[in-house]
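>>> Can you look at this prediction? I've put the sequence above it.
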Amino acid sequence: MKILIVGGGGREHAIAATVAKSKKVSKIYCAPGNAGIGMVAECVPIGAMEFDKLVAFATEKAIDLAIVGMDDPLVGGLVDAFEAAGIRAFGPRKNAAILEGSKAFSKDLMKKYNIPTAAYENFDNAEEALAYLETATMPIVLKADGLALGKGVLICNTLEEAKEGVKSIMLDKQFGTAGNRMVIEEFMTGREVSVLSFVDGKTIKTMTSAQDHKRAGDGDTGLNTGGMGTFSPSPFYTEEVDDFCKKYIYQATVDAMAAEGREFKGIIFFGLMLTPNGPRVLEYNDRFGDPEAQVVLPRMKNDIIEVMEACIDGTLDQVDLQFEYNAAVCVVLASAGYPVAYEKGKLMTGFEAFEGKDDVFCFHAGTKLTDAGIVTNGGRVLGITAKGADLKEARAKAYAATEWISFEGKYMRHDIGAAIDEA
Ligand code: AMP
Ligand code: GLY
């Protein structure tokens, strides 16, 4: 089969590396890809939002399956565009991708179908939102309705902060049109866990759990980022938690989408908060997490193409999804200054140390191949990932491997997986 992967981050490198292991695959293209993806796929310089060019390319190359890894093209309807041209595509159609595309939609869905989540109100004008805050309990959480690169969430400790937040989201449009509507919701406490799943419209099969580290600095300080590192599985995702989520969250979400006439096929990523009152949904995403994919996919035993085809064909009930009984840790190497301002184009060295290893991986995010060699090309640069018999071994191996790579301004958190020690 000929595969086209749309995207060019660490997640897409992890997807490409997993697709490359499939016996069914003869050729992989990736648009736009990056330097690391270029080692397992042919990268084509087409952006993920250039739908016409992507469809024309897929048609010309007779692509058998297009895999859309990113939220923006999914929410924009790229899967529909591929399908309209007769190309099989993995991922939700536009009418289902709204599960991530609109936080107001997802909150209303959860309320209507009794799926546990934080109490909330939706607003489409700033005056009403500001008036609501006067009677609300602090801290409180403000969320821009639309996609905002994972940055559209503000946690406010005081009324003043919350009012400023409403103004910056709804009036100053800090997150652009994503802030035309907003959700104001109850602040929850607890541990966060990510659970990714394959969905075929009716059946859902969850993958192993993972935990991200969203803040830029050690000890969960600093600004929110796309994710600075992950570990999998989460020792806090117990059998009891799994039972609860199976009973009240996972199938309920798939059934709710079907009942709304928005059949969901693809990946649902459940962002969960394990509160003192039980698990609650923080958010839904329509795609693999980044860098959750980097610790989940290397542990998957199945042929990913078979699983994706089962999602499209509605035969996921016949798939026995299996993961290795081990653990993985991913430490993101970023550019100094991320997530605010950072330089690009720094020459990187040390990649050869990863060659031929099957338990330590260097997933590329913001990298580019130039005549001089591989250079940095983004905020998150690499996801150094290791598998181990347990989380502690995986963490030690991943941190050891972060030393193999050198570039000016290399920045990382030093406490990815520190929570493991408390488990
Ligand atoms: P989201 O994009 O909705 O996952 O939000 C980003 C991050 O904000 C989450 O990973 C949480 O750390 C935090 N967050 C979101 N909603 C809440 C909430 N209701 N209570 C506490 N923290 C939250
Ligand atoms: N790591 C969080 C996300 O992919 O949204």
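Looks like it arrived, so ask away. Ligands and ions are numbered 1, 2, ... in the order given.
>>> and the residue of the chain found nearest ligand 1, which of the three is it?
At 3.5 Å from ligand 1, Glu283 is the closest residue in the chain, using C-beta to the nearest ligand atom. Heads up, the C-betas are built off the backbone N, CA and C, glycines and all. At Glu283 the chain is in strand, as set by DSSP: H, G, I helix; E, B strand; the rest coil.
>>> now it: how far from Glu263?
Look at Glu283 and Glu263: by C-beta to C-beta, to the nearest Å, they are 21 Å apart.
>>> before we move on, what about Cys330?
Using C-beta to C-beta, we find Cys330 at a distance of 32 Å from Glu263.
>>> now swap in Ala131 and tell me
To Glu263, Ala131 is 38 Å away according to C-beta to C-beta.
>>> ditto for Tyr248
Using C-beta to C-beta, Tyr248 is found at 21 Å from Glu263.
>>> same check, this time on Val281
Distance check for Val281 against Glu263: by C-beta to C-beta, it reads 20 Å.
>>> And Phe269, by the same measure?
Distance from Phe269 to Glu263, by C-beta to C-beta: 18 Å.
>>> same deal with Ala81?
Look at Ala81 and Glu263: by C-beta to C-beta, they are 18 Å apart.
>>> and what of Ala336?
Separation of Ala336 from Glu263 (C-beta to C-beta) stands at 45 Å.
>>> Can you pull out the low-pLDDT segments for the stretch 301-423 of the chain?
Filtered on pLDDT under 70, the stretch 301-423 of the chain yields no residues whatsoever.
>>> run the last query once more with 90
For the stretch 301-423 of the chain, the stretches with pLDDT under 90 are 420-423.
>>> Now do the helices in it.
Along the stretch 301-423 of the chain, counting by DSSP state H, counting those that start in this stretch, helices occupy 304-313, 391-402.
>>> Same list (those) but as a markdown table, adding distance to Thr253 and mean neighbour count.
Output for the helices of the stretch 301-423 of the chain, formatted as a markdown table (distance: least, C-beta to C-beta, whole Å; neighbours: other C-beta atoms under 10 Å):
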| stretch | distance to Thr253 | mean neighbour count |
| --- | --- | --- |
| helix 304-313 | 15 | 20 |
| helix 391-402 | 28 | 19 |
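>>> Make a markdown table from the ones you listed and add distance to Thr367 to it.
Shown next, in a markdown table, are the helices of the stretch 301-423 of the chain (distance: least, C-beta to C-beta, whole Å):
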| stretch | distance to Thr367 |
| --- | --- |
| helix 304-313 | 23 |
| helix 391-402 | 15 |
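>>> Mind putting those helices into CSV with distance to ligand 2?
Below are these laid out as CSV (distance: least, C-beta to the nearest ligand atom, whole Å):
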stretch, distance to ligand 2
helix 304-313, 18
helix 391-402, 17
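>>> At the contact with ligand 1, which residues of this protein appear?
By C-beta under 6 Å from any ligand atom, the residues of the chain that approach ligand 1 are 118, 141, 143, 150, 153, 155, 185-188, 192, 214, 271, 282-283.
>>> Please identify the residues of this protein in proximity to ligand 2?
Gly150, Asp212, Gly227, Asn285, Gly289, Asp290, Glu292.
>>> Highest neighbour count among these?
Asp290 (30 neighbours; other C-beta atoms under 10 Å).
>>> ok, that one - contacts?
Counting by C-beta atoms under 8 Å, 6 or more residues apart in numbering, Asp290 makes contact with Gly9, Gly10, Arg11, Gly226, Gly227, Ala365.
>>> Can you read off the backbone torsions of the fifth one?
The main-chain torsion angles of Gly227 are listed as degrees, to the nearest 10 and equal phi 140, psi 120.
>>> Can you tell me which residue is spatially central in this structure?
Gly289 (1.9 Å; C-alpha atoms, centre = their mean).
>>> circling back: neighbour-wise, which of the contacts of Asp290 leads?
Counting neighbours by other C-beta under 10 Å, Gly10 leads the contacts of Asp290 with 31 neighbours.
>>> contacting residues around Gly7?
Applying C-beta under 8 Å, 6+ apart, the residues contacting Gly7 are Ile15, Cys30, Ala31, Ala48, Val68, Gly69, Met70.
>>> Which of those residues ranks first by neighbour count?
Ile15 (31 neighbours).
>>> Quick check, Glu309 in contact with Leu65.
Yes: applying C-beta atoms under 8 Å, one finds Glu309 in contact with Leu65, separated by 7.2 Å.
>>> quick one on the thing from earlier: compare Ala131 and Glu263 and say which is more crowded by neighbours.
Taking neighbours as other C-beta under 10 Å, Ala131 and Glu263 compare with Glu263 leading, 18 against 11.
>>> Okay, strands next: where are they in the stretch 1-150 of the chain?
2-7, 27-32, 42-43, 65-68, 89-90, 120-123, 140-144 (DSSP state E, counting those that start in this stretch).
>>> what's the closest of those to Thr349?
Thr349 lies closest, by C-beta to C-beta, to one member of these: strand 42-43, at 21.3 Å.
>>> partners of that closest one in the sheet?
As defined by DSSP bridges, the strand partners of strand 42-43 come to strand 27-32 (parallel).
>>> Output the partner strand in PDB with nothing but the alpha carbons.
Extracted in PDB, the C-alpha atoms of strand 27-32 (Å, rounded to 0.1, in the frame of the first residue of the first chain):
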ATOM      1  CA  LYS A  27       5.800   3.400   0.200                       C
ATOM      2  CA  ILE A  28       5.300   6.300   2.600                       C
ATOM      3  CA  TYR A  29       4.900   9.900   1.700                       C
ATOM      4  CA  CYS A  30       4.700  12.700   4.300                       C
ATOM      5  CA  ALA A  31       3.500  16.300   3.800                       C
ATOM      6  CA  PRO A  32       5.300  18.300   4.800                       C
END
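>>> if we look at that strand, which residues are touching it?
With contacts defined as C-beta under 8 Å, 6+ apart, strand 27-32 is touched by 2-8, 12, 16, 19-20, 37-38, 40-48, 54, 57, 61, 63.
>>> switch the cut-off to 6 Å
Strand 27-32 is contacted from outside by 2-6, 8, 16, 19, 37, 41-46, using C-beta atoms under 6 Å, 6 or more residues apart in numbering.
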